[in-house]
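# make a model of this:
(3 chains)
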Amino acid sequence: MNDLNRRYGDASIYSFLDACRLKVGNLLPVFLMLPLFGWSGTSAAQTTAPDQLSGKLVVTGASTLAPLIAEIGKRFESLNPKVRVDVQTGGSSRGVADVRQGLADIGMVSRAMKDDEKDLHAFAVASDGVGILVHKDNPIRALTDEQIIAIYTGKITNWKEVGGKEAAITVVSKAEGRSTLEVFLHYFKLKNTDIKPHVVIGDNEQGIKIVAGNRHAIGYVSIGTAEYNESQGVRITLLPIDGVPASTKSVQNDTFPISRPLHIVTRTAPTGLAKAFIEYAQSKAAYDIIAQQYFVPLAD
Amino acid sequence: MTSSHSNILYRWPTDDLLCWLLRGLAAIAGLVVVFIVVFLIAETLPVLSHVGLERFFTDPSWHPAEGFYNLTPMLWGTLFTMAGSVLIATPLGILSAIFCHYYAPPILTRPYRRLIELLAGIPSVVYGFWGLVVLVPLIGEIHPPGPSLLSGILILTIMILPTIALMADASLANVPQHYLRGAAALGLPRWATIRGVVFPTAKSGLFTGVILETGRAIGETMAILMVCGNVVQTPSSFFDPIRTLTANIALEMSYALGDHRAALFVSGLVLMTMIAALTMAAEWISRGRIYG
Amino acid sequence: MAEASSPTHQAREWLASILVWGTAALVTATFCWLLGDIVWHGLSHLSWTFLTTSPESAGRRGGIGPILVSTLLILGVCLTVSLPIGVGTAILLAEFTSDHSLFGRMTRRSLDVLAGVPSIVFGLFGNAFFCKTLGLGFSILSGGLTLACMVLPILIRSTEEGFRAVPANYRLSAAALGLSRTTTLVHLLLPAAVPGLLVGLILGIGRAIAETAALIFTSGYVDRMPESLLDSGRALSIHIFDLSMNVSGGDANAYASTLVLVILLLAINGTAAWLAERGLHRRIVTV
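Below is the predicted model of the structure:
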């Protein structure tokens, strides 16, 4: 924590001046802005008192998790008025990189930890399922795993072949590196090179809007997001996997086969403020926020 | 006119001071690009040193997680969307500026200009969102799957139109009035005046407008990402989905690690090289004829 | 040109008129569709409370008060830095260097390259340079500075055009009167170049206020009311992006936020135009 105060608080003027002298000696306008720093020191945090937590916690990482952690952070702030929780988004890899470099106290990672990330301390806060979805007008209400694999690898290209209408299938997949894609590939034992997509998407909402706007599309997105949209009358249908209906409920009781944990990570074993925040995020007190953001709390 | 201290003793120090001040400011502006290039090269060095630049153009596909780094299809994607949108937006933008100056009744001029100014500031995500829920399904009805090169070109055209329209508007405003009066005195009709008098006078501004809109077209990310389909392939028709270099960076950067991340920075570097080449080509073609 | 009234010329005039009016109609229709869509969906959620309260539940409920403040602060930083640099460089390029000098050509070329750098690269650069190297952290200051780099080419090129359009005899007359170049610049050229500067400003503000990718990595995502320029603050465009792409059920507030952005833009552009016209007028009168 102290390390952080030094970086963002009082000392920033000096490190800033240093950097200017070394790197950009003639960056005149930046110097002109210096007076603005006068009133910035006030927000710098003090050391932790034994009974009351205070300070600033920087959390960066996965965009999927960012709204959830920001909401948990807000409630944590209201319980501990001297605490500031700054949540930054930008992706799981950024969470890992920032924590390693000490730029952030806590990182957010929306997938299982990889083998080369064993140096970090990971804490699951919630989980999330990945569901297959089609347009509501599509008569198909179930597909076997083999059929899904055949569609995604381009062996089946028409809905007729799986019992639907005569129409070419539009395959919607996620961009390389996205956690949802990795979970999907892992479950169906595919490689990304095998997949023959017609549309590649980034975020979940984009996938839902594509499928809702194309009667012959098939895609996969985070279940919570899809369930919410379905309940709001967006024209999509979630398909069951292996006979298990795709819903946050089946993810919660661990029967749904495709799911991913959502982690927050730290570089060293957390202490003080970080520890208190992680414990709070994992506690039952945060369950209602998790459910509110359409994710699944770990277990009851 | 003015001023009390306009004698030879005062003139030189202020002018010198001004000149050096301006040079300092310009140096800062010029340095930004140097900083960015240095930053990009520093980020790409790890992958360039053990993969080599060549493989970014000769690998069989773009699957960075499995060690394939071919950028060529995305380079085509960027070029096609850029060329398409610039080709459509330039005449539209210039014609709309001409409308503002020489055709519109005075009462329409101001609201029309305000409208275009407004559009210059709408976030790309809004254009992308609109494209995703309105344009893409429409194209999907004509020829599935919908997200395609065509939708990319159309959205990009709408996005860069304000840039060229406003630049053209400003340069037309600068055509001296007596040129127009001279043309009118000769009995030239409207379009002939525009073609024969206005265009040659305003060409420098129009050219700058084209450069700026091209830059915007190449650099645009979010809207393109939402409407283009992002499949890495060289398109064979307007209805094929494509991925541009910028969309590639935005899509994968948030989850990329190690070589994959560095490879994305190579996309950025390639993009900048492309822009540098384009502007140099434009400058060479127009040598001596634009800033005349 | 001589026989301007021949049938082919008349046909050409007709064709041109149709084309010009058609273009204007097309552009207006497209943009009215787009704006209509925003107004239609956004208007019902717009209220005074929406403008002043903090977002709740990741922005699905509540308002955009702190986000509006952050946006204005970011824009303020951006313009404070980019205006002097931009106008200065433009003056140098248009008035103090010849078109064929190496310095002028290099600067102009590097600006053209800068104009095409994708915004996400600006974001990553800003993150590495302003946030890390200069130690500003995720802050409104980093965001504003990154945006300043981004709008520079637009600002410079269009201001330069403004200066270029000033007739050469202004300069010659001023020189003949023995005016210093500084005086010529301040009293003659600057007012005459205002239209170009104004367009640059409007395009620059537009680009800055619409920017998403560059700000995610620099000014950040925190939707608390900023206490200083070193605090992280979420810009309106990031809020819109997050609500429409990342937060399910955020569409309604995303539309309302977009509407606010449009209104904000209208106000800023209007003020800029008014200030420019007023400044121009006063200068000519008083001198």
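
# show me what from chain A comes close to chain B.
Near chain B, the residues belonging to chain A are A:26-29, A:62-63, A:90-94, A:96-97, A:168, A:170, A:175-179, A:191-193, A:197-202, A:206, A:209-210, A:213-214, A:216-217 when assessed by CB under 8 Å from any CB of the partner chain. For glycine as for every other residue, the C-beta is placed from the backbone atoms N, C-alpha and C.

# in strands, which of these appear?
A:170, A:199-201, A:217 (DSSP state E).

# show me just the buried residues among the residues of chain A next to chain B.
Burial by neighbour count, 16 or more other CB atoms under 10 Å in any protein chain shown: within the residues of chain A next to chain B this picks out A:27, A:29, A:62-63, A:90-94, A:96-97, A:170, A:175-179, A:192, A:197-202, A:206, A:209-210, A:213-214, A:216-217.

# ranges for the helices of the chain?
I went with chain A, as the question did not name one. Per DSSP state H, chain A carries helices over the ranges A:2-8, A:12-23, A:28-32, A:66-79, A:92-101, A:145-152, A:179-188, A:204-212, A:223-231, A:248-252, A:272-282, A:287-292.

# my bad, chain C
Using DSSP H, helices in chain C cover C:7-42, C:48-52, C:65-91, C:102-115, C:119-126, C:140-164, C:168-176, C:181-183, C:190-192, C:194-210, C:213-216, C:236-245, C:251-286.

# mind listing what's buried in the first one?
Buried residues in helix C:7-42, defined by neighbour count with 16+ other CB under 10 Å: C:9, C:12-13, C:16-17, C:19-20, C:23-24, C:27-28, C:30-31, C:34-35, C:37-39, C:41-42.

# do stretch B:240-250 as well
B:240-250.

# remind me which residues of the stretch 151-287 of chain C are low pLDDT?
C:279-287 (pLDDT under 70).

# got the domain ranges for chain C?
C:2-45, C:48-286 (automatic domain parsing).

# residues near the nearest residue to A:D137 once chain neighbours are set aside, how many?
Spatial nearest neighbour of A:D137, excluding adjacent residues (CB to CB, 6 or more residues apart in numbering or on different chains): A:R215 at 5.1 Å. Close neighbours of A:R215, defined as other CB atoms under 10 Å in any protein chain shown, add up to 20.

# can you list phi and psi of A:R215 for me?
Per-residue torsions, A:R215: phi -70, psi -10 (degrees, to the nearest 10).

# correct me, but it touches A:I140?
No: using CB atoms under 8 Å, A:R215 is not in contact with A:I140, being 11.4 Å away.

# closest to B:G30 out of the helices of chain A?
Ranking these by proximity to B:G30 (CB to CB) places helix A:28-32 first, at 14.2 Å.

# in TSV: the domains of chain C, plus distance to A:T153.
Listed next are these as TSV, based on distance: least, CB to CB, whole Å:
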stretch	distance to A:T153
domain C:2-45	38
domain C:48-286	28
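
# quick one: the residue nearest the centre of chain A from B:T221, how far?
In chain A, the residue lying closest to the centroid (CA atoms, centre = their mean) is A:T64, at 2.6 Å. A:T64 sits 20 Å away from B:T221, going by CB to CB, to the nearest Å.

# ok, A:I218 touching A:T170?
Yes: using CB under 8 Å, A:I218 is in contact with A:T170, at 7.2 Å.

# that older thread, now, of the domains of chain C, which is deepest in the fold?
Sort the domains of chain C by mean neighbour count, taking mean count of other CB atoms under 10 Å in any protein chain shown, and domain C:48-286 sits at the top with a mean of 22.

# any idea how far the strand or helix carrying B:V270 is from the chain center?
Taking DSSP states H and E as the definition, B:V270 sits inside helix B:258-285. Relative to its chain's centre, helix B:258-285 lies at 14 Å (CA atoms, centre = their mean, to the nearest Å).

# would you map the helices across chain B?
Under DSSP H, chain B gives helices at B:8-50, B:55-58, B:72-98, B:106-120, B:124-130, B:136-142, B:149-173, B:177-185, B:190-193, B:199-219, B:222-227, B:245-253, B:258-285.

# output these as TSV; include the columns mean pLDDT.
Below are those laid out as TSV (pLDDT from 0 to 100):
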stretch	mean pLDDT
helix B:8-50	82
helix B:55-58	85
helix B:72-98	93
helix B:106-120	87
helix B:124-130	85
helix B:136-142	85
helix B:149-173	91
helix B:177-185	90
helix B:190-193	88
helix B:199-219	86
helix B:222-227	87
helix B:245-253	85
helix B:258-285	83
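
# any chance of the ones you listed in JSON lines, with distance to C:L83 too?
JSON lines is the format used below for these (distance: least, CB to CB, whole Å):
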{"stretch": "helix B:8-50", "distance to C:L83": "11"}
{"stretch": "helix B:55-58", "distance to C:L83": "39"}
{"stretch": "helix B:72-98", "distance to C:L83": "25"}
{"stretch": "helix B:106-120", "distance to C:L83": "17"}
{"stretch": "helix B:124-130", "distance to C:L83": "24"}
{"stretch": "helix B:136-142", "distance to C:L83": "39"}
{"stretch": "helix B:149-173", "distance to C:L83": "17"}
{"stretch": "helix B:177-185", "distance to C:L83": "29"}
{"stretch": "helix B:190-193", "distance to C:L83": "36"}
{"stretch": "helix B:199-219", "distance to C:L83": "18"}
{"stretch": "helix B:222-227", "distance to C:L83": "26"}
{"stretch": "helix B:245-253", "distance to C:L83": "27"}
{"stretch": "helix B:258-285", "distance to C:L83": "24"}
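
# grab the nearest non-local neighbour of C:V121.
Using CB to CB, 6+ apart, the nearest residue to C:V121 is B:G268, at 4.6 Å.

# now do the contacts for C:G59.
A:67, C:223, C:239, C:242-243, C:247, C:250, C:253 (CB atoms under 8 Å, 6 or more residues apart in numbering or on different chains).

# check contacts around the closest residue to it other than its chain neighbours.
Leaving out its chain neighbours, the residue that sits closest to C:G59 by CB to CB, 6+ apart is C:L243, at 5.1 Å. When contacts are counted by CB under 8 Å, 6+ apart, C:L243 is found next to C:59-60, C:250-251, C:253-254, C:257.

# chain A contacts on the stretch 101-250 of chain C?
C:132-138, C:141, C:145, C:216-217, C:220-224, C:227-232, C:242, C:244-249.
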